[in-house]
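J.: what follows is a predicted protein model with its sequence.
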Amino acid sequence: MAATAAIYGVGFCSFSDNLSTKKLIKRRGNGSIIGVRSICSRREVGTVVRCSSSSKATAPLESEGDGRRCVIEEDPEEGGGGGGGGGDVMRFKMSDFKVLDRVSIGLGGRADEVVFEAIVKDSNSPLHNIKVVLRKLVSTQAKRRGMRAIEVLKKLVRRKLMYHSYSMQVYGYISSPTSGRGSFTLVHGYHGSFSLRHWLQQSDWLPTLEATLALDEESVRRVGDDTVGGPAVSRQLRITRILMRDLLIGVNYLHSHGLAHTELRLENVHISPVDRHIKVGILGNAADFYEDGPNSSTLDMDRRQMMIAFDMRCVGFMMAKMVLRELMDPLNFLKFKSFLMKGNDPSCLREFLLQILSRNSPSGNVGLQILDRNWGAGWNLLSLLLATKPSKRISCLDALRHPFLCGPRWRVAPSMDIIRWGLGSTAVRITEEYIYKQPQRNRLSYFIELMEMLNAHSRPKNWLELLPGKWRLLYCTGRQIGLTLRQPSARVLIGDVYLTINRASKLNTSISFTSDIGFTVMNGRDWPHDKSGVTGKLEVNSLFRLTSGRRLYLKEEKTSEKLSFGQPNNQDSLAQKLSAKKWRKLVPYKEFPSSLPVAKLVAADIEVTMSLGDNLNQNDVTPSSIVQEIRVQVPPEMFDLSRLVCGTYVDSRLLVLRGVNGSALLFTRSMC
C-alpha cells in the first residue's frame, strides 16, 4: 500500500480502526465468487482520501503494484486555501489574484455569470504570474453548474493530458460561505477573450485565425490539404477541417468516458494560441450516460444513444454556422432550424438553403462551394450530423473518417451510401449548368444510369415510403428544346415543373400523381427583355398502381455482347463507361446484369386542366396554342403521365422515372 501511495504521490493510508471498510462480493449464478472489492474511506480536515482494492485486472493508468488506487480530492466545503492541497482541483482565495480591469465578454453568454480576467500573484502557487479567468456564478443554478464542472474534472483526471488538450482547463474554485448566501467562482484557464462565435464574426477572421493557429506544413498535412494560401474556398475549407477535427476529438473523448457535454455551441468553444487546439467550454451541464453505473440494460443503452445523438446534432449546428456564414444571422438560422424541427429530411438541405441564401451575400457563397466539393461530401456529413432520427446520426469516430474531413491525402474507402450520394450530387450540379452540348448530356446520362444500377430501394414498399412529396424536375434525357429560331404562335416561358405524389391510402398501393407546370405568356410577337406577362398553371392528374417489375436490357450483336443501357442511338455507352477502371470499382456486379428490379407504374385515366391569371389581350393567342407550345417545351411524360412506365431510382432527395420511350426524368425533392 505504501508503495502504491509513493508512486502516485498522494499520501498513505492503512486499514485501521479510523477507516470504514466495505467489501463488495460479486458471485456467479451458482454461488461461486468472481471477485472481491474492498473500499475504505477516511475523512480529514479539507481532504478526502479514498482507496480501493480489487481482484479484477485494471488498466495501467488505474493500477500500480498491488492493484490499489488512491486519489486526493479537495472537499468543496472545508479546508484548502491559497491553491494549497496539492490536488487536481484547488481551492483559492480572492486575495490570491490580481483582478484586471477588463471583463471577458466573449467568454460569457449567460446572465447569471460574470467573467473577469486575473493574474495569480501568490508566489507559492504553481500558477504564479499566469493569467486565468474568474467566472463568478451568481444564481443557484449557475453554482450547480460550477460544482458539476468540478465533478467532471475529477472523473477525467486519469487522462489529464488528453483532457486538457481539447477542453478548457479548470484549476479550482473560490468559495466564500457568508451569512445567508455564499458566492462561488470558478478559476479556469485563459484561452483568449474570444469564443469561436466571436472569431467568426470578425471581418478579417480568416487570416487572423490562420495566424493564430500558425498553420505550418505539419498542420496542413494533418488535414490532408497541401494547398497553402490559395483561393478563399480552399483556405476556409482547410480551417473548417482543422476546427471540426479538433472539436470531434474532444467530444469523442467525453463520450468515451461516459459523458455528454449537452451544451455544445460556438459560444462554448475557444481557440488556444498556445497549443493551437480547440477548447471545449466548461462542462457545467455534462451528463452521465449511466446514472447507477455502467451496465448492458436496454434503458442505459437508449439513454447513451440519445445523449450522444444530442451532442452530434449540436456539432452539426456548429458546422453549419462555420461553413455557411449566412447562418450567423439569427433570422436565417431560425429558418434553418425550423426546417429541421418540422421533420424535413436534412439530406434536402441544399435544395432548401438555395432558396433562403442570397446570391449576392457578402461571403460570395463560399460555404455552398465548400459543401459542393468532393462530390457533395460536405452536404452528406451535415445531413448525417442533423439526421431526424437519433439512431441515424453519425458518431464522432465515423465523422473523423468521413471524406469531407479527411481531404485528398487520406485515402478513405467510401461506403456505398457515399458513392450513391456523390453520383446524385454530381448529377444535380451538372443540371444547374447550361446543357447545350452533347458531351455534357452524355455525361449526365451516365451518372443517371449508374444511379439506377446502385438503387438501394427497389421494392415497392420502399417506394411507397419515399415517393410521397413534391418533386422538382431537373432534367430529361429525351428531346431537348432550348432557345431556337422558330417562331411559335404563343410566346410561353416555362417556369418550374413539379410532380406531386400523394398516397391515397395506407391499405393499398394506389398513388396519385399531379404534374404542375407553371408558365408565363408574354405579350407581343418577339421575345421581350421584360419577361412579365400573363401567368398560368397547367395541371395533369392521374392515378397509378404501384407493382414490382424488372427492366430488361437486351444484348445486341453489334455491341460484342455488351449490354444496352442508354438511348437507342447510344446503346453501348454505359458498357463502355463501366469498362473503365474507375467505374468498375463502383459497381458491385462482376458481370453486367441482364435486368434490374424496378417499381412498375400502371396508370389510369388522366385529367388535364389549365388556368390563366388574366385574360389574354392577343387575338392570335388561344388556349389551344398555349397548350400546344407547352407540349413542345415540356417533356411529354410530364404532360401525359400515362407515359411513365417505371421508377428506377429513389432516395430521400432524388427520384428517377423512366418513360415509355426510354428517356429518364431526374427529380429532386422540393421544399417549397
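T.: Thanks, I have the structure now.
J.: state the distance from Pro414 to Gly647.
T.: According to Cβ to Cβ, to the nearest Å, Pro414 and Gly647 sit 25 Å apart. Yep, even glycine has a C-beta here, placed from its N, CA and C like the rest.
J.: who has more neighbours, those two?
T.: Neighbour count, other Cβ atoms under 10 Å: between Pro414 and Gly647, Gly647 has more, with 26 against 18.
J.: SS state for the more buried one?
T.: State at Gly647, reduced to three classes by DSSP: H, G, I helix; E, B strand; the rest coil: strand.
J.: so it is in contact with Gly659, correct?
T.: No: with contact defined as Cβ atoms under 8 Å, Gly647 does not count as touching Gly659 (11.2 Å).
J.: helices along the stretch 101-250 of the chain, start to end?
T.: 140-155, 160-166, 196-200, 205-213, 217-222, 232-256 (DSSP state H, counting those that start in this stretch).
J.: mean pLDDT for those: which is lowest?
T.: With a mean of 58, helix 217-222 has the lowest mean pLDDT of these.
J.: give the buried residues for stretch 261-279.
T.: Buried residues in stretch 261-279, counting neighbours by 16 or more other Cβ atoms under 10 Å, are found at 261, 263-272, 277-279.
J.: quick one: mean pLDDT over that stretch.
T.: Stretch 261-279 shows a mean pLDDT of 83.
J.: Phe352 contacts Thr668, doesn't it?
T.: No: with contact taken as Cβ under 8 Å, Phe352 and Thr668 are classed as non-touching, separated by 10.9 Å.
J.: mind saving the C-alpha coords of stretch 448-460 as CSV?
T.: Extracted in CSV, the C-alpha atoms of stretch 448-460 (Å, rounded to 0.1, in the frame of the first residue of the first chain):
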residue,chain,number,x,y,z
ILE,A,448,-28.2,8.5,-64.0
GLU,A,449,-27.6,5.0,-65.4
LEU,A,450,-25.0,4.3,-62.7
MET,A,451,-27.5,5.6,-60.0
GLU,A,452,-30.1,3.1,-61.4
MET,A,453,-27.6,0.2,-61.0
LEU,A,454,-26.9,1.2,-57.4
ASN,A,455,-30.5,1.8,-56.4
ALA,A,456,-30.9,0.7,-52.8
HIS,A,457,-34.7,0.9,-52.7
SER,A,458,-36.1,-1.3,-55.4
ARG,A,459,-39.0,-2.9,-53.6
PRO,A,460,-42.5,-1.4,-53.9
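J.: pretty sure Asp275 is touching Ser165, no?
T.: Yes: under the criterion of Cβ under 8 Å, Asp275 makes contact with Ser165 at 6.7 Å.
J.: low-scoring stretches of the stretch 51-200 of the chain, by residue?
T.: Along the stretch 51-200 of the chain, segments meeting pLDDT under 70 span 51-88, 102-110, 157-164, 177-182, 193.
J.: all strands of it, in order?
T.: Taking DSSP state E, counting those that start in this stretch to define them, one finds strands in the stretch 51-200 of the chain at 69-74, 90-92, 97-103, 113-120, 131-137, 170-176, 183-189.
J.: out of those strands, flag the one nearest Arg643.
T.: The closest of the strands of the stretch 51-200 of the chain to Arg643 is strand 113-120. By Cβ to Cβ, the value is 65.4 Å.
J.: just the CA coordinates of the closest one, formatted as CSV?
T.: Extracted C-alpha coordinates of strand 113-120, given in CSV (Å, rounded to 0.1, in the frame of the first residue of the first chain):
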residue,chain,number,x,y,z
GLU,A,113,-22.3,34.7,-14.8
VAL,A,114,-19.7,37.5,-14.5
VAL,A,115,-16.4,36.8,-16.1
PHE,A,116,-13.2,38.6,-15.1
GLU,A,117,-9.5,38.2,-16.1
ALA,A,118,-7.0,38.0,-13.4
ILE,A,119,-3.3,37.1,-12.7
VAL,A,120,-2.2,34.7,-9.9
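J.: pull out the buried positions in it.
T.: Applying 16+ other Cβ under 10 Å to strand 113-120 flags 113-118, 120 as buried.
J.: ok, back up a step: out of the strands of the stretch 51-200 of the chain, which one sits most buried?
T.: Highest mean neighbour count among the strands of the stretch 51-200 of the chain (mean count of other Cβ atoms under 10 Å): strand 90-92, with a mean of 24.
J.: okay, now the sheet partners of that strand, with direction.
T.: Strand 90-92 has the following sheet partners, assigned by DSSP bridges: strand 170-176 (parallel).
J.: outside of the strand it pairs with, which residues touch it?
T.: 74, 76-77, 83, 89-94, 127, 132, 134, 146, 149-150, 153, 182-189, 282 (Cβ atoms under 8 Å, 6 or more residues apart in numbering).
J.: how about a cut-off of 7 Å?
T.: 76, 83, 89-94, 127, 132, 146, 149-150, 153, 182-188, 282 (Cβ atoms under 7 Å, 6 or more residues apart in numbering).
J.: ok, stretch 488-507 next?
T.: For stretch 488-507, contacts defined as Cβ under 7 Å, 6+ apart pick out 464, 467-473, 510-522, 524, 527, 531, 620-621, 625-626, 629-630, 633-634, 638, 667, 670.
J.: only alpha carbons, please: show that stretch as CSV.
T.: Output of stretch 488-507 as CSV, limited to C-alpha atoms (Å, rounded to 0.1, in the frame of the first residue of the first chain):
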residue,chain,number,x,y,z
PRO,A,488,-44.2,30.0,-82.1
SER,A,489,-47.7,31.3,-82.2
ALA,A,490,-47.6,31.9,-78.4
ARG,A,491,-44.5,33.2,-76.5
VAL,A,492,-44.7,30.9,-73.5
LEU,A,493,-41.9,30.9,-70.9
ILE,A,494,-41.9,27.7,-68.8
GLY,A,495,-41.2,28.1,-65.1
ASP,A,496,-40.7,25.3,-62.6
VAL,A,497,-42.2,21.9,-63.3
TYR,A,498,-43.3,19.9,-60.2
LEU,A,499,-44.6,16.4,-59.7
THR,A,500,-46.6,16.0,-56.5
ILE,A,501,-47.2,12.4,-55.4
ASN,A,502,-49.7,11.5,-52.7
ARG,A,503,-50.6,8.1,-51.3
ALA,A,504,-54.4,7.6,-51.4
SER,A,505,-54.5,5.0,-48.6
LYS,A,506,-52.1,3.1,-46.5
LEU,A,507,-54.1,-0.1,-47.1
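J.: please point out which parts of it sit buried.
T.: Across stretch 488-507, burial judged by 16+ other Cβ under 10 Å covers 490-494, 497-501.
J.: okay, how far is it across stretch 377-392, tip to tip?
T.: End-to-end distance for stretch 377-392: 17 Å, by Cα to Cα, to the nearest Å.
J.: can I see the domain layout of this protein?
T.: Under the assignment the TED database, the domains of the chain span 97-189, 196-291+299-408, 458-551+593-669.
J.: ok, which of those comes nearest Glu433?
T.: Across the domains of the chain, Glu433 has its closest neighbour in domain 458-551+593-669 (10.7 Å, Cβ to Cβ).
J.: what are the boundaries of the strands in the stretch 551-672 of the chain?
T.: Along the stretch 551-672 of the chain, the stretches classed as strands by DSSP E, counting those that start in this stretch are 595-612, 644-650, 654-659, 664-669.
J.: against which helices or strands is the third one packed?
T.: Strand 654-659 sits against helix 438-453, strand 644-650, strand 664-669, with contacts defined as 3 or more Cβ pairs under 7 Å, 6 or more residues apart in numbering; DSSP states H and E.
J.: sounds good, over and out.
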